[in-house]
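Enquirer: Quick one: sequence plus predicted model below, questions after.
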Amino acid sequence: MYAPERHQRIVERARSQGRVDVKDLAELLEVTPETIRRDLTSLERRGLVRRAHGGAIPVERITLHPGVGDRGGINQAEKMVIAEAALAELPENGSVMIDAGTSTICLAEMLPTDRGLTVVTHSLPVAMAVANRSGIDLHLLGGNIRSDSLAGVGTWTHQLIGMVSVDVAFISINGITPERGLTTHNMAEAAVKSAMIKSARRSILLADHTKFGREEFGRVAPLAAIDTIITDPGVNADLVREVEAAGTEVLWPGRD
């Protein structure tokens, strides 16, 4: 487990339980107590926890969201599985809109060059993944570039999205629940994701198992707005059944 993912788990556990202990965290995360102490020191410096005897307590209820570069190594194998499955949803000689996110970057890196695809994106990493590849017609949307996601947001981005209609939108998200639907931590990005879904004839969500059961601040769309969710075999089956009961198809390739 990479440090950013471990830090996320520690912060989430501290907020849910009110306190975390070094010994318990070491056993849970399968690392040494020394590693956990270093993690807690790092989180304390960032104002997310306060060290206490034998552990730590949460400082405030905010969510730790690493930048796209820091998230790249988290659940990488799962994201590769998801991206490979998403290739089956590509249209022939059609258009796709690709959202910002680490799973969608994986998809962009795998795009075939013999399908006559038109790719629309507001994500700089997605654009860089396909910019020099023949056979792909790339359209990069402008806007105010956010430093953590390296994606365009704002009025300009919305206007450009409103000018196109694509066959398939591949969307990334931070949280999925039947009650709140799709949510993300940033309101500006939530608005862009919502506009992307509306611009597409089909919308496919790429989300690893850690996104299920989570709720974030910014609402993107209800589950009914998504045609298909592609996730990984590590997803909780009960959470999948709840999502499917809301009417959205869930694909989890590699499931036993």
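Expert: Cool, the structure landed. Note that the structure is a prediction, hence the values are computed from the model and not measured.

Enquirer: Domains in the chain, by residue range?
Expert: 1-59, 67-249 (the TED database).

Enquirer: and among the ones you listed, the most buried is which?
Expert: Highest mean neighbour count among the domains of the chain (mean count of other C-beta atoms under 10 Å): domain 67-249, with a mean of 19. To be clear about C-beta, it is placed using only N, CA and C from the backbone, and glycine gets the same treatment.

Enquirer: Output the below-cut-off pLDDT ranges for this structure.
Expert: Applying pLDDT under 70 to the chain flags residues 47, 59-75, 256.

Enquirer: so where's the longest helix in the protein?
Expert: In the chain, assigned by DSSP state H, the helix with the most residues is helix 3-17.

Enquirer: Next secondary structure after that one?
Expert: Following helix 3-17 in sequence order, the next helix or strand is strand 20-21 (DSSP states H and E).

Enquirer: Partner strands of that following strand and their direction?
Expert: strand 55-58 (antiparallel) (DSSP bridges).

Enquirer: can I have the partner strand written out in PDB, keeping just the CAs?
Expert: Only the C-alpha atoms of strand 55-58 are listed here, as PDB (Å, rounded to 0.1, in the frame of the first residue of the first chain):
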ATOM      1  CA  GLY A  55      -2.000   7.300  18.600                       C
ATOM      2  CA  ALA A  56      -3.900  10.300  17.300                       C
ATOM      3  CA  ILE A  57      -7.200  12.100  17.200                       C
ATOM      4  CA  PRO A  58      -8.800  13.900  14.100                       C
END
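
Enquirer: What segments of the stretch 1-150 of the chain are strands?
Expert: Using DSSP state E, counting those that start in this stretch, the strands found in the stretch 1-150 of the chain span residues 20-21, 49-52, 55-58, 95-98, 117-121, 136-140, 144-145.

Enquirer: Of these, give the one that comes closest to residue 226.
Expert: strand 95-98 (13.7 Å; C-beta to C-beta).

Enquirer: can you list contacts of the closest one?
Expert: Applying C-beta atoms under 8 Å, 6 or more residues apart in numbering, the external contacts of strand 95-98 come out as 90, 104, 107-108, 117-121, 123, 126, 161, 164, 166-170, 196, 199-200.

Enquirer: Quick check: which of the domains of the chain is nearest to residue 255?
Expert: domain 67-249 (4.7 Å).

Enquirer: In the stretch 151-256 of the chain, mark out all the helices, start to finish.
Expert: In the stretch 151-256 of the chain, the segments counted as helices under DSSP state H, counting those that start in this stretch are 155-161, 187-199, 237-245.

Enquirer: Next up, the contacts around residue 85.
Expert: Residue 85 touches 230, 251, 253, counting by C-beta under 8 Å, 6+ apart.

Enquirer: got the residues you listed as JSON lines, with distance to residue 192 columns?
Expert: Converted to JSON lines, these look like this (distance: C-beta to C-beta, whole Å):
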{"residue": "230", "distance to residue 192": "20"}
{"residue": "251", "distance to residue 192": "24"}
{"residue": "253", "distance to residue 192": "27"}
